[in-house]
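have a look at this fold, sequence not included:
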């Protein structure tokens, strides 16, 4: 089979990015630019490895990334081809979570409480953080940090966040496009208040993240819920809304791992969503609440990493990475006018963030402690995820459907029949197990599934509670 396309690419081993990711990203760029079109064949693994002078397994890994992210497909006995499902998208050149839901039962010391996906505080780098915090006060210029600084946060810390977004998430940002906040919920609130006004409409996923919905509704804007399936937000439903509603100002999405269902927005839908955003001038508010903990080849790159996306606000958090109690979130946007409004509003409610803590976290980043912790934590959570998966297969396989998530700190469990959740949650509480009621995710209380988080619970509690959940579900079906 003829493969006329040639990879114009040289490996740079000095880059921190792995070679297989360099190859994958180069191919993605060629697809986006139109050099590679739907149906085009890629060189075989051995041929490409020979062209680049590398091991064939490295090419296999690169192709696996492209298959996982749906840029290409593998046809048995034929080879690797650019996906034919790519929707048409005009490529425009440019110049280039979460607050925890609280439950009144959590004070019970004997209660096994499934939160919405908290990390394990026992493995947090608290000692290193405390040491860095103390060292900040020993610096000669410590008194200069005690006064007011930039409303958007310490400039060096913003540079570090920008570098992280650019190198690890494929974005194109600088420190002047970043604002540091006290947690991702504050970032969401500031964005909503600065972007929206009464009479605006905002599309949200259903089921979805209600604290973000509340921030939107506080502005006087109205929510337009759209259902989610195994590929994420259903774009056809969005198109129908656009035909009947001309006041849609923003779309709030969690495309990497949809909250609460954990599904990833498919590539075709991501590209179509970008096209819709550009065509209608709609701002995409992207909440990437747990990007770091991914167990596959790499996390799916954010919508905000696509150069053609014109209007976006990207929201992230350091809370899951460094320590659950650390309230450091951030937002990034190319809309500097919007960022000015966010800064002005921030001054009213909070003149500046915790500059000392920002400096301490910055020190951990520069020392490599954050990177080391993420690597350690990812292994920890992957093992715990696999442990939970085996428990679910043992105790829930006959009563509920679930899939093995590629990342994050939770499973989405869907019983095989419609249940009375008031009854189920009540029976669980009697047995000292607390799950978040599905109504907390739903716009209209019709969701028949629940989020089973595992990050903060011990293996003993997970084993004990999942057995109880299985027994109660079995008696309701």
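Yes, it's here. Being a predicted model, the structure only gives us computed values, none of them experimental.

so where is the stretch 301-450 of the chain shaky, pLDDT-wise?
Confidence mapping of the stretch 301-450 of the chain against pLDDT under 70 gives the ranges 323-325, 352.

all helices for it, in order.
Taking DSSP state H, counting those that start in this stretch, the helices of the stretch 301-450 of the chain run over residues 336-349, 355-367, 369-395, 421-430.

now do the buried residues in the shortest one.
Within helix 421-430, the residues that qualify as buried are 421, 424-425, 427-428, counting by 16 or more other C-beta atoms under 10 Å. All C-beta spots, glycine's among them, are computed from the backbone N, C-alpha and C.

just to revisit the earlier point, need the winner for burial among the helices of the stretch 301-450 of the chain.
Mean neighbour count, computed with mean count of other C-beta atoms under 10 Å, is highest for helix 355-367 among those, reaching a mean of 20.

roughly how far does residue 161 sit from residue 153?
Distance check for residue 161 against residue 153: by C-beta to C-beta, to the nearest Å, it reads 9 Å.

right, I mislabeled it, should have said residue 463
Distance from residue 463 to residue 153, by C-beta to C-beta: 42 Å.

equivalent analysis for residue 266, please.
According to C-beta to C-beta, residue 266 and residue 153 sit 34 Å apart.

re the thing from before, the more surrounded of residue 463 and residue 153?
residue 153 (23 against 16; other C-beta atoms under 10 Å).

neighbours of the closest residue to that one other than its chain neighbours, just the number please.
Spatial nearest neighbour of residue 153, chain neighbours left out: residue 180 (2.9 Å); criterion: C-beta to C-beta, 6 or more residues apart in numbering. Around residue 180 sit 27 other residues, with neighbours defined as other C-beta under 10 Å.

how about the contacts made by residue 180?
152-154, 157-158, 161, 328-330, 353, 358 (C-beta atoms under 8 Å, 6 or more residues apart in numbering).

what of residue 221?
Residues in contact with residue 221, defined by C-beta under 8 Å, 6+ apart, are 192, 196-202, 249.

give me phi/psi at it?
The phi/psi pair for residue 221 (degrees, to the nearest 10) reads phi -70, psi 160.

quick one: it from residue 255, how far?
Counting by C-beta to C-beta, the gap from residue 221 to residue 255 is 21 Å.

show me how far the host helix or strand of residue 29 is from its chain's centre.
Element membership for residue 29 (DSSP states H and E) is helix 19-33. A distance of 22 Å separates the centroid of the chain from that of helix 19-33, by C-alpha atoms, centre = their mean, to the nearest Å.

again with stretch 450-459
Averaging C-alpha positions (C-alpha atoms, centre = their mean) puts stretch 450-459 18 Å from its chain's average.

going forward, begin numbering at 219 instead of 1
All set: I'll call the first residue 219, so the last point we hit is now stretch 668-677.

so who does the spatially most central residue of the chain touch?
Closest to where the C-alpha atoms of the chain average out (C-alpha atoms, centre = their mean) is residue 506, at 2.9 Å. Shown in contact with residue 506 (C-beta under 8 Å, 6+ apart): 387, 472-474, 520, 532-534.

can you check residue 626 too?
Residue 626 neighbours (C-beta under 8 Å, 6+ apart): 335, 475, 480, 508, 511.

tell me the spacing between the first one and residue 472.
The reference is to residue 335. For residue 335, the distance to residue 472 - C-beta to C-beta - is 11 Å.

then the last one?
For residue 511, the distance to residue 472 under the criterion C-beta to C-beta works out to 14 Å.

who has more neighbours, these two?
Ranked by neighbour count (other C-beta under 10 Å), residue 511 and residue 472 place residue 472 first, with 30 against 24.

touching, the more buried one and residue 427? I think so.
Yes - the pair residue 472 / residue 427 is scored as a contact, 6.7 Å apart, by C-beta atoms under 8 Å.

buried set for the helix holding residue 247?
237-246, 248-250.

following element in sequence after that helix, please.
Helix 237-251 is succeeded, C-terminally, by helix 263-270 (DSSP H and E).

circling back to that earlier point, need the helices of the stretch 519-668 of the chain in JSON lines (columns: distance to residue 667).
As requested, the helices of the stretch 519-668 of the chain are arranged in JSON lines below (distance: least, C-beta to C-beta, whole Å):
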{"stretch": "helix 554-567", "distance to residue 667": "35"}
{"stretch": "helix 573-585", "distance to residue 667": "35"}
{"stretch": "helix 587-613", "distance to residue 667": "13"}
{"stretch": "helix 639-648", "distance to residue 667": "10"}
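
these: which one's closest to residue 688?
Residue 688 sits nearest to helix 587-613 of all the helices of the stretch 519-668 of the chain, at 3.1 Å, using C-beta to C-beta.

how much does that closest one deviate in direction from helix 573-585?
Put simply, helix 587-613 runs at 90 degrees to helix 573-585, going by axes from the mean of the first three to the mean of the last three C-alpha atoms, to 10 degrees.
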